[in-house]
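missing the sequence, but the structure's below:
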């Protein structure tokens, strides 16, 4: 069974603080993704990675950094959190075949006060 | 660029009603199209997938047909149950070749008992 685990599940942060969201996958997938979900916008891609050491900008990368230290782990970093980054964040993994099926974690609910 | 449009933000039905969720897309390539479903408190999960080779996908009583002429990819189910209450996302594989999925804004389905 494909497994993507996110931590923490809930986070409250202060404006200007640093936030790190973590993601671990046991699928041995090369590709990993960070999306945010907001009402009316669906799922929007922030950063993605093709493998260890690789990070690419998605559609809305401003204010976010990503880190892929290993095949299994992919982090999303908010260096200076702002209230506009209050959202639900989802990590996903996928392989490089033509299947393109993504496997999502359960999400992290982030509130920036 | 690629885009996916879901105009129905919310749909409310009674059990045994017919479900129809509209999705249209824009892309420069022959698309691979997906429907993902998100149950409360969970991440999205694949419901079904359609390629230009098969034109139709069927899963768990849901059916989607790809219509190149109208660039539409509607989701249907003959008889919904309360357990089908969830958010449904239409998605397509980006034409950039980067293994990204472009998601629609989602349709919240509520099925009343």
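Structure's in. What do you need? Given the structure is predicted, the values throughout are model-derived calculations rather than measurements.

burial measure for the closest residue to chain A within chain B, as a count.
Nearest residue of chain B to chain A (C-beta to the nearest C-beta) works out as residue B:43 at 3.1 Å. (Glycine included, C-beta is placed from N, CA and C.) Taking other C-beta atoms under 10 Å in any protein chain shown as the neighbour definition, residue B:43 ends up with a count of 22.

that one contacts residue A:92, doesn't it?
Yes. Checked against C-beta atoms under 8 Å, the pair residue B:43 and residue A:92 is within contact range at 7.5 Å.

give me the common contacts of these two.
Both residue B:43 and residue A:92 are in contact with A:4, A:104-105, where contact means C-beta atoms under 8 Å, 6 or more residues apart in numbering or on different chains.

just the ones of the residues you listed in helices?
Within the shared contacts of residue B:43 and residue A:92, no residue falls in helices by DSSP state H.

which parts of chain B sit against chain A?
The interface of chain B toward chain A, taken as C-beta under 8 Å from any C-beta of the partner chain, is made up of B:6, B:9, B:32, B:34, B:36, B:41-46, B:49, B:89, B:93, B:98-101, B:103-106.

one step back: which residue is the nearest non-sequential neighbour of the residue of chain B closest to chain A?
The spatial neighbour of residue B:43 that comes closest, neighbours along the chain excluded (C-beta to C-beta, 6 or more residues apart in numbering or on different chains), is residue A:104 at 3.1 Å.

let me know whether that neighbour touches residue B:44 as I believe.
Yes. Taking contacts as C-beta under 8 Å, residue A:104 lies within contact range of residue B:44: 5.1 Å.
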